[in-house]
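Asker: predicted structure and sequence below. I'll ask about it afterward.
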Amino acid sequence: SLAPASRTNQSMLDFGRERSHLEYARESHATQRDQTLEIKRSYDSQLQDAHDFLHKLDTQCAPHTAALEQRERKAEIRALSDARDTLEGKAIRGQAVTADSQAVGLRGASVASSSGAAPQRTLSPLERAAAEMGMAIGSA
């Protein structure tokens, strides 16, 4: 009769230990869940701050960016057109003008500095391009 009572006591002790392990696991899981939710809230806050900053930059920079892109596109089209004309042996159309009203040629060379070598109409396309870059043109 002693054996069944001993087994019952052992079972009750095992049951108590198992119950405490389950309570510990539940509390641990709840703590981890709370920490994970706090980290998520922090990341969401940082994400919102980044979105707000991006929106602020977009509203400040969008007009300037569009104007810059348009100027760059016009300059690229003009450069390609001038390159095509030069390769076809045609004279380059009007020179660009800087903010201080000084005419400039290819690569920003001053037109006044490149006009001293020889008359433009007698130069080959390659010589005209060299003159526009401010290089001296002479016979070798």
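Answerer: Looks like it arrived, so ask away. Numbers count the residues shown, from 1 in each chain.

Asker: in which helix or strand would I find the nearest residue to Ser124 once chain neighbours are set aside?
Answerer: Nearest residue to Ser124 in three dimensions, chain neighbours excluded: Gly89, at 7.9 Å (CB to CB, 6 or more residues apart in numbering). Quick note: C-beta positions are derived from backbone N, CA and C, even for glycine. Gly89 belongs to no helix or strand when assigned by DSSP states H and E.

Asker: any figure for the gap between Gly89 and Leu80?
Answerer: Computed as CB to CB, to the nearest Å, the Gly89 to Leu80 distance reads 17 Å.

Asker: quick one: pLDDT of the residue nearest to Ser124?
Answerer: At Gly89, the pLDDT value in this model is 80.

Asker: what separates whatever helix or strand Leu37 lives in from the chain centre, distance-wise?
Answerer: Taking DSSP H and E as the criterion, Leu37 maps to helix 2-87. Mean-position distance between helix 2-87 and its chain equals 21 Å (CA atoms, centre = their mean, to the nearest Å).

Asker: next secondary structure after the lowest-mean-pLDDT helix or strand in the chain?
Answerer: When each helix and strand of the chain is scored by mean pLDDT, DSSP states H and E, helix 111-114 comes last, with a mean of 47. Later in the chain than helix 111-114, the nearest helix or strand by DSSP H and E is helix 125-132.

Asker: which of the residues in that following helix are buried?
Answerer: Arg128, Ala129, Ala130, Ala131, Glu132 (16 or more other CB atoms under 10 Å).

Asker: nice, that's everything, thank you.
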